[in-house]
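Peer 1: I'd like to go over a predicted model; first the sequence, then the structure.
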Amino acid sequence: MIDVLYSLVDVHERFDHLILNSFYIRNLNMVSVTFESYFDRIFSIDKRVLDRICKKVLPRIHEQVHELTVEQYSMKRILHAVNYPQLNSLSLINCRADRLFQYLTVIRYKLIIVFIIYIQDDSVVRDLLAQQITNLTIDIENTPPIKEYTVLSDIFALILSLCKRLTDLNFCQFYHYRSLPICICYDATLTRYVSSTLAKLQISVLGFDNCRYLLDGRFDCLSTLIIHVHKILTPSSIIDNTKKLPKLKYFSLTSVEYTLQYDNAIIPLLRRMINLEELTLFLSVIRLDSPYIDGIQLHNQILIYMPHLNKLTFNINTAVANVNARINLSSNEDIKRSFVERRYGQVGSYVHTSSTGIEGGMFDKVLYLVMTDVDPFEHELFKIISQDFSLLKHLRIENDQPQKNKQHSSTLIIFPHLILLNLFLAHVDYAEQFLYDRNTYIPRLLNLGIEYDSLVMVTNNFNNNGARLNCAKLKRLDLDESFVRPENFHQYFPLL
């Protein structure tokens, strides 16, 4: 959009008629993104381009803009260039947490300062947020320092207080690769995180109690909650977990980390959603002396409490540890049948019996995969993964067991789309498996996360040639410790 506005406006009257059509400029995206690596992206606008758009283009279209996307460095210039009388949706992209907090604080309190220029500048943004904006997206750049997680909570509270017409808030969930969690402290008075207008919220929180806080009555109109919970631990007894949630229509809960609290925390919360129409669950559950979660359990424990539910989307990974009881675990067919018999239709199901027993044809659209096991992963399994997960872009290996079969097959494994490989929690054998080009070829690898000792061992202190090919295009290397780069480091990683 930026290039089109800069290059083609005022070139020809016919171009102007097409480009400045209200249909196209209704949603105005003023963010230019350059992709450096999986995590590293440059958000900026050339100064000459910004000058021309602000002076020549925005005055011609500002009354037709309903949705606007800006990044932190050009935000003030664009928002102050003209008035936007129809603007109701605003996205602030790639903001530094501390700067955004200061800016919001300035917006609230600088009105007491005598300098007229500050009052005029800040009142423009303040009026937009307080009087016009109904849909707001906040995106924070990369992962902030630990101290800034409290700043994120403060920013969240400031937004709720300032935006009096806000109905839809996406807080730090704009890009899935940097979903930043916040911690919401318990507030029995319901005065800090409150909104009487908010109907839809997308957010990530540190703990499950934070999710329960958001559903304790502080949002009068909340009908949609899309939430990512970092860890689901034992729920607090302070929070009322019995009050029904009749206004909630859509609920999405994602938690990748394994939890033991499915029965004690998740089920009681879901049973309160008596008028829910759509439910999405993405969970990793550990159960002790219990069977797998199947269609019968979902129906009897949750779904019968939701008579208005018309859509269920789920991915539930159940790890069972039978310590004190002998339980006959369901087969793959048993689990599938449990859904069909309850009239929920066909589901995809996989019961782990051996590391090479993956059923093909089920995962051809998967982009992100975490592999974890107490048994080692062998070369043949990764061959199957590369074929069945053909579009895979992000792979994380969590396995501290060494490979048993070190004499790998002559078949070269290729991951054509993989751009991020996380080996932080993997035995050094998996670094050898993926980085040595005699085993695996990863032509698009941009990001590598690995322990420093494993990297030194596999590369022979950056001297051997075995891993050079797969490391040649790396643009980001994440290690568990700092180190002084040896002379030959740059030859191994020429783009770092």
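Peer 2: Now that the structure is in, tell me what you want to look at. Computed from a predicted model, the values in this text were never measured in an experiment. Numbers count the residues shown, from 1 in each chain.

Peer 1: quick one: pLDDT of the spatially most central residue of the chain?
Peer 2: Among the residues of the chain, the one closest to the centroid is H176, at 2.7 Å (C-alpha atoms, centre = their mean). H176 carries a pLDDT value of 76.

Peer 1: gap between the two ends of stretch 418-430?
Peer 2: Start-to-end span of stretch 418-430 (C-alpha to C-alpha, to the nearest Å) is 15 Å.

Peer 1: that one: which residues count as buried?
Peer 2: Residues of stretch 418-430 classed as buried: 418-423, 426-430 (neighbour count, 16 or more other C-beta atoms under 10 Å). All C-beta atoms are positioned from the backbone trio N, CA, C, and that covers glycine.

Peer 1: mark which of the residues you listed are part of strands, please.
Peer 2: 420-423, 426 (DSSP state E).

Peer 1: what's the most distant pair in these?
Peer 2: L420 and A426 (13.8 Å; C-beta to C-beta).

Peer 1: pull out the buried residues from the longest helix along the chain.
Peer 2: In the chain, with assignment by DSSP state H, the single longest helix is helix 148-162. With burial defined by 16+ other C-beta under 10 Å, the residues of helix 148-162 counted as buried are 148-149, 151-162.

Peer 1: put together TSV for those, with pLDDT and distance to M30 on each row.
Peer 2: Below are the buried residues of helix 148-162 laid out as TSV (pLDDT from 0 to 100; distance: C-beta to C-beta, whole Å):
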residue	pLDDT	distance to M30
E148	62	26
Y149	69	29
V151	87	25
L152	90	24
S153	90	28
D154	90	27
I155	91	21
F156	94	24
A157	92	27
L158	90	23
I159	93	21
L160	94	25
S161	92	27
L162	91	22
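
Peer 1: reformat those as a markdown table; add distance to D220.
Peer 2: Compiled in a markdown table, the buried residues of helix 148-162 are given as follows (distance: C-beta to C-beta, whole Å):
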| residue | distance to D220 |
| --- | --- |
| E148 | 30 |
| Y149 | 27 |
| V151 | 27 |
| L152 | 24 |
| S153 | 21 |
| D154 | 22 |
| I155 | 22 |
| F156 | 17 |
| A157 | 17 |
| L158 | 19 |
| I159 | 17 |
| L160 | 12 |
| S161 | 15 |
| L162 | 18 |
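
Peer 1: pick out the most distant pair among the residues you listed.
Peer 2: Y149 and L162 (20.6 Å).

Peer 1: correct me, but L479 touches S454?
Peer 2: No: applying C-beta atoms under 8 Å as the test, L479 and S454 come out as separate, 9.5 Å apart.

Peer 1: which one of these two has more residues nearby?
Peer 2: S454 (21 against 16; other C-beta atoms under 10 Å).

Peer 1: give me the distance between that one and I227.
Peer 2: 35 Å (C-beta to C-beta, to the nearest Å).

Peer 1: repeat for Y24
Peer 2: 34 Å.

Peer 1: okay, the two: which has more neighbours?
Peer 2: I227 (21 against 14).

Peer 1: pretty sure that one is in a helix, no?
Peer 2: No: using DSSP: H, G, I helix; E, B strand; the rest coil, the assignment for I227 is strand, not a helix.

Peer 1: would you check that it makes contact with G207?
Peer 2: No: applying C-beta under 8 Å, one finds I227 not in contact with G207, separated by 11.3 Å.

Peer 1: so who does the residue nearest to E451 when sequence neighbours are not counted touch?
Peer 2: Spatial nearest neighbour of E451, chain neighbours left out: D480 (4.9 Å); criterion: C-beta to C-beta, 6 or more residues apart in numbering. Contact analysis of D480 by C-beta atoms under 8 Å, 6 or more residues apart in numbering lists 424, 451-452.

Peer 1: how about residues contacting stretch 416-427?
Peer 2: Taking C-beta under 8 Å, 6+ apart as the rule, stretch 416-427 contacts 37-39, 376, 390-403, 430-431, 434, 442-451, 454, 478, 480.

Peer 1: in strands, which of these fall?
Peer 2: 394-399, 447-450, 478.

Peer 1: tell me the one of the contacts of D480 nearest A472?
Peer 2: Distances from A472 to these, taken by C-beta to C-beta, are shortest for Y452, at 19.6 Å.

Peer 1: count the residues that sit near S89.
Peer 2: 18.

Peer 1: would you confirm that it contacts Q132?
Peer 2: No: the pair S89 and Q132 does not pass the contact test of C-beta under 8 Å, sitting 9.5 Å apart.

Peer 1: dump the contacts of D480 to TSV, plus pLDDT and distance to I266.
Peer 2: Listed next are the contacts of D480 as TSV, based on pLDDT from 0 to 100; distance: C-beta to C-beta, whole Å:
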residue	pLDDT	distance to I266
F424	92	28
E451	93	33
Y452	92	38
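
Peer 1: any regions of this structure where pLDDT drops low?
Peer 2: Applying pLDDT under 70 to the chain picks out residues 1-23, 34-42, 106-123, 142-149, 187-190, 322-326, 341-343, 345-346, 352-361, 407-409.

Peer 1: let me see the ranges of the strands in the stretch 151-300 of the chain.
Peer 2: 168-171, 200-207, 224-231, 250-259, 278-288 (DSSP state E, counting those that start in this stretch).

Peer 1: who are the packing partners of the second one?
Peer 2: For strand 200-207, the contact count by 3 or more C-beta pairs under 8 Å, 6 or more residues apart in numbering; DSSP states H and E identifies strand 168-171, helix 208-214, strand 224-231 as packing neighbours.

Peer 1: tell me how many other residues surround A130.
Peer 2: Using other C-beta under 10 Å, A130 has 17 other residues around it.

Peer 1: nearest spatial neighbour of it, chain-adjacent residues omitted?
Peer 2: Per C-beta to C-beta, 6+ apart, closest to A130 is K164, 5.4 Å.

Peer 1: still on that earlier bit, which one of the ones in strands among the buried residues of stretch 418-430 is nearest I327?
Peer 2: Nearest to I327, judged by C-beta to C-beta, of these is A426 at 30.9 Å.

Peer 1: that closest one and F462, how far apart?
Peer 2: A426 is 20 Å from F462, by C-beta to C-beta.

Peer 1: can you check V70 too?
Peer 2: 42 Å.

Peer 1: between the two, point out the one with more neighbours.
Peer 2: Each of V70 and F462 has its neighbours counted (other C-beta under 10 Å); V70 has more, 23 against 20.
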